[in-house]
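Chemist: Okay, predicted coordinates and the sequence, questions at the end:
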Amino acid sequence: LVLGWQSLPRAFALRRERPPFDIAGSVLFAAALGAVNLIPTLTRARQPLLAAASALAGVLLGAAFVHRELRAASPVVDVRLFTRPHFAAACASIGLSNLVMYTVLLALPLYLADVRGYGVETAGLVLAALSAFAALWGPIGGRWTDQRGRWLPSVVGAVILLLGMAGLTAAVRQPDLAPMVAALAAMGLGLGVSGAPVQTAAVESAPHAQTGAAAGIFSTSRYLGSVTGSTVLALLFVQHPQPGMAGPFVALFAGLTAVALLGVWANARVAERGE
């Protein structure tokens, strides 16, 4: 709280009349996300009909939310921002990369504990490679963004993430954990390098008066990716995997490799080449 207060500007803009807050849009948005968030829980509880109903409710509430926002005087989420190609690509990029990252973070402990028989300490140390490299390379990616623009670090980071995800898919069947740790480190490197340029491109592509809204939508795209990943994982592993049952994880990680490939396509569109 203190750090946030210190970061506020000392000069404030003159007050001007603003439209009322979009309460209806906020309620619809929260309800749609809540319905989607219920899917993994209902699936794990072996309630497929309720999970399907929750998914349908999420779609219908989401459609109602978009319909509302297109007509609101001051929408809580200005969906028209998605008509800007660079902004839409940046939101797709963060959603896809978070889908990959969070699904891996949730799936690997299951694999290491249930399939390979390792304890939680080993799982934590293995996963630390991803987080540590992402944290280390985040500032480096930001510096590179300032020096070389948004496009190059965005694409390079996405390609490294793709290579790391492909390496993780191959490492699942390896008896040694070293290839898995190396693949996770590569994934963290890719996420760290691409994080700053993608976020910068998202905010810069929006009109100055809507930078706050753009940042909020960008963050929401991040959470949608993680929610999607956890939902897919819950659908795939209603029951705990058995020892030696590596096949489903190979299939899951192969699918995430395809998602990472789509992320390369999205990252190549967050800015014009050379920018």
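Modeler: Sure, I can see it.

Chemist: what's the spacing between Ala24 and Phe65?
Modeler: 9 Å (C-beta to C-beta, to the nearest Å). For glycine as for every other residue, the C-beta is placed from the backbone atoms N, C-alpha and C.

Chemist: So for these two, which residue has more residues nearby?
Modeler: Of the pair Ala24 and Phe65, Phe65 is the one with more neighbours under other C-beta atoms under 10 Å, namely 24 against 14.

Chemist: Can you give me the distance of that one to Val36?
Modeler: 12 Å.

Chemist: If you count neighbours, what's buried in the strand or helix carrying Gly229?
Modeler: Using DSSP states H and E, Gly229 sits in helix 211-236. Judged by neighbour count using 16 or more other C-beta atoms under 10 Å, the buried positions of helix 211-236 are 213-214, 217-218, 220-222, 224-234, 236.

Chemist: If I take the helix or strand that that helix is followed by and helix 211-236, what angle do their directions form?
Modeler: Helices and strands here follow DSSP H and E; after helix 211-236, the next one along the chain is helix 247-267. Per axes from the mean of the first three to the mean of the last three C-alpha atoms, to 10 degrees, the angle that helix 247-267 makes with helix 211-236 is 160 degrees.

Chemist: contacting residues around helix 247-267?
Modeler: Helix 247-267 has contacts (C-beta atoms under 8 Å, 6 or more residues apart in numbering) with 89-90, 92-93, 96-97, 99-100, 103-104, 107, 111, 115, 154-155, 157-159, 161-162, 165-166, 168-169, 172-173, 194, 198, 232-233, 236-237, 241.

Chemist: low-confidence ranges in the protein?
Modeler: For the chain, the stretches flagged by pLDDT under 70 are 7-19, 238, 274-275.

Chemist: all strands for the chain, in order.
Modeler: With strands called from DSSP state E, the chain shows none.

Chemist: Domain-wise, how is it divided?
Modeler: Domain ranges of the chain: 21-77, 80-275, per automatic domain parsing.

Chemist: Quick one: closest of those to Gly4.
Modeler: Nearest to Gly4, of all these, is domain 80-275, at 14.7 Å by C-beta to C-beta.

Chemist: how close does the residue nearest the centre of the chain get to Ala206?
Modeler: Central residue of the chain (C-alpha atoms, centre = their mean): Asn98, 2.4 Å from the mean position. Separation of Asn98 from Ala206 (C-beta to C-beta): 20 Å.

Chemist: what's the answer for Ala35, then?
Modeler: On the measure of C-beta to C-beta, Ala35 and Ala206 end up 28 Å apart.

Chemist: packing partners for the lengthiest helix in the chain?
Modeler: Counting by DSSP state H, the longest helix found in the chain is helix 120-148. Helices and strands touching helix 120-148, by 3 or more C-beta pairs under 8 Å, 6 or more residues apart in numbering; DSSP states H and E, are helix 85-110, helix 151-171, helix 178-204.
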